[in-house]
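[1] missing the sequence, but the structure's below:
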């Protein structure tokens, strides 16, 4: 199992502590169990047992994180496994709601209405909970010969991905990039063709910060470009096309050696790095009630804070609050407990932001309550 290393992300371990003020304090932790894992703050017991193989599906953005979680789960509970299919957030939600997997992974929370109703039906009339276990920045990745540095703002990015800006030397791009030599070349937009929470978060960012009028949701609505499946698909496509641009998780942009645009939210161009992502995460707030930990990311997307990189996503594990059989519930709780504790220790190396202590406590409180 390959865990890819991105050394610059190591600083996010410290930066993630900034979430403490946003999440509040809650020091409840699950009790009981036979094996123990240690989080970044304290040792947390894990009660192994139940179903020996879990099945999950969804967000491809969290695939490398889930690989790390599975390794930690197997170390804590020998003889167990979890099979994760990175089919995209849309498929993860649909197949969780259909009862085909034990939990789903999605880069956006269940939508009130049809999705939450279907989830409650799947959970034996009990609500499903959205538990954010993985935080990561989204890169605006591009490949343009001779252009190693590029600045974009949300308004210009929205114009590119809606087809209003078609050339790399368009005046709107030139205005943000001073004397940079921008070619008279068509812009090739690459987007996610499958339903994707990354697409949903990207369009929400453009809507909040850039005046995007195309709508949001898991399907790309810009009306231009070429679609490719999954995070790996869009990143690989951009890497092979001179003049291409896409939105993709930071680790995939790095893996495919894409150039990454700086974002200017009004206080100057901000490079995507450990420090700038950590500053943005400081604005994350919880809007869900009780153990349904849905985040309000609009305050991040619309922030003009100096030095903050505003384009981030959180990946949720969608679980039943109640309604599992006893063996499945026990195994799901064990996996999620490990994922929220020792599983977090490898996330910085895989291109993600480890959970801060206060938010980790909220996750563990919710996991303990699953029945």
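    Arrived safely. From a predicted model like this one, the values you see are computed outputs, not experimental measurements.
[2] And the strands in the stretch 1-150 of the chain?
    35-38, 43-46, 53-58, 81-85, 103-106, 128-143 (DSSP state E, counting those that start in this stretch).
[3] okay, those, which one's buried deepest?
    Looking across the strands of the stretch 1-150 of the chain with neighbours counted as mean count of other Cβ atoms under 10 Å, the highest average goes to strand 103-106: a mean of 30. Quick note: C-beta positions are derived from backbone N, CA and C, even for glycine.
[4] next one: it to chain centre, how far?
    Distance, stretch centre to chain centre, for strand 103-106: 12 Å (Cα atoms, centre = their mean, to the nearest Å).
[5] helices or strands next to it in the packing?
    Packing contacts for strand 103-106, counted by 3 or more Cβ pairs under 8 Å, 6 or more residues apart in numbering; DSSP states H and E, involve strand 53-58, helix 89-97, strand 312-320.
[6] Could you dump those into TSV and include distance to residue 186 and mean pLDDT?
    Putting the helices and strands packed on strand 103-106 into TSV (distance: least, Cβ to Cβ, whole Å; pLDDT from 0 to 100) gives the following:
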stretch	distance to residue 186	mean pLDDT
strand 53-58	34	98
helix 89-97	30	95
strand 312-320	28	93
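[7] for the stretch 51-200 of the chain, which spans come out with low pLDDT?
    Within the stretch 51-200 of the chain, no stretch has pLDDT under 70.
[8] Figure out which of the helices and strands packed on strand 103-106 is closest to residue 229.
    With respect to residue 229, and counting by Cβ to Cβ, the nearest of the helices and strands packed on strand 103-106 is helix 89-97 at 10.7 Å.
[9] what's the offset of the closest one from the middle of its chain?
    The offset between the C-alpha centroid of helix 89-97 and the centroid of the whole chain comes to 16 Å, using Cα atoms, centre = their mean.
[10] so how far does stretch 184-201 reach from one end to the other?
    The stretch stretch 184-201 measures 30 Å between its terminal residues, going by Cα to Cα, to the nearest Å.
[11] Pull out the buried positions in it.
    Of the residues in stretch 184-201, those scored as buried under the neighbour-count criterion (16 or more other Cβ atoms under 10 Å) are 187-201.
[12] what's near enough to touch the closest residue to residue 72 other than its chain neighbours?
    The spatially closest residue to residue 72, leaving aside those adjacent along the chain, is residue 343, at 4.1 Å (Cβ to Cβ, 6 or more residues apart in numbering). Applying Cβ atoms under 8 Å, 6 or more residues apart in numbering, one finds that residue 343 lies in contact with 65, 68, 69, 71, 72, 73.
[13] Residue 110 is in contact with residue 130, correct?
    Yes - contact between residue 130 and residue 110 holds when scored by Cβ atoms under 8 Å: they sit 6.1 Å apart.
[14] Give me the common contacts of these two.
    Between them, residue 130 and residue 110 share these contacting residues under Cβ under 8 Å, 6+ apart: residue 318.
[15] Residue 318: neighbouring residues, count only.
    26 (other Cβ atoms under 10 Å).
[16] ranges for the helices of the stretch 151-300 of the chain?
    Taking DSSP state H, counting those that start in this stretch to define them, one finds helices in the stretch 151-300 of the chain at 154-162, 171-176, 197-210, 230-239, 250-255, 274-281, 298-301.
[17] and the first one, what other elements does it pack with?
    Read that as helix 154-162. Using 3+ Cβ pairs under 8 Å, 6+ apart as the contact criterion, the secondary-structure elements in contact with helix 154-162 are helix 171-176, strand 188-192, helix 197-210.
[18] same question, the second one
    Secondary-structure packing of helix 171-176 (3+ Cβ pairs under 8 Å, 6+ apart): strand 151-152, helix 154-162.
[19] May I have the residues that are in contact with the closest residue in space to residue 277 that isn't next to it in sequence?
    If you skip the residues right next to it in sequence, residue 277 has residue 137 as its closest partner in space, 4.6 Å away by Cβ to Cβ, 6+ apart. For residue 137, the residues meeting the contact criterion (Cβ under 8 Å, 6+ apart) are 249, 250, 272, 277, 280, 309, 311, 312, 313.
[20] roughly how far apart are the residue nearest to the first one when sequence neighbours are not counted and residue 179?
    If I follow you right, that is residue 249. The shortest distance from residue 249 to any residue that is not its chain neighbour, by Cβ to Cβ, 6+ apart, is 4.6 Å, and that residue is residue 61. Computed with Cβ to Cβ, to the nearest Å, the distance linking residue 61 and residue 179 is 36 Å.
[21] ok, now residue 280?
    To residue 179, residue 280 is 29 Å away according to Cβ to Cβ.
[22] Compare the two and say which is more crowded by neighbours.
    residue 280 (29 against 6).
[23] And that one, how far from residue 243?
    Between residue 280 and residue 243 the computed distance is 29 Å (Cβ to Cβ).
[24] State the pLDDT value of the residue nearest to residue 72.
    Looking at residue 343, its pLDDT stands at 95.
[25] circling back: would you list the contacts of residue 137 in JSON lines and tack on distance to residue 257?
    JSON lines is the format used below for those (distance: Cβ to Cβ, whole Å):
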{"residue": "249", "distance to residue 257": "15"}
{"residue": "250", "distance to residue 257": "13"}
{"residue": "272", "distance to residue 257": "15"}
{"residue": "277", "distance to residue 257": "20"}
{"residue": "280", "distance to residue 257": "24"}
{"residue": "309", "distance to residue 257": "20"}
{"residue": "311", "distance to residue 257": "20"}
{"residue": "312", "distance to residue 257": "22"}
{"residue": "313", "distance to residue 257": "22"}
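[26] Could I get the contacting residues of the residue nearest to residue 116 when sequence neighbours are not counted?
    For residue 116, ignoring the flanking residues on the chain, the nearest one in space by Cβ to Cβ, 6+ apart is residue 110 at 5.0 Å. Applying Cβ under 8 Å, 6+ apart, we find residue 110 in contact with 93, 116, 119, 128, 130, 318.
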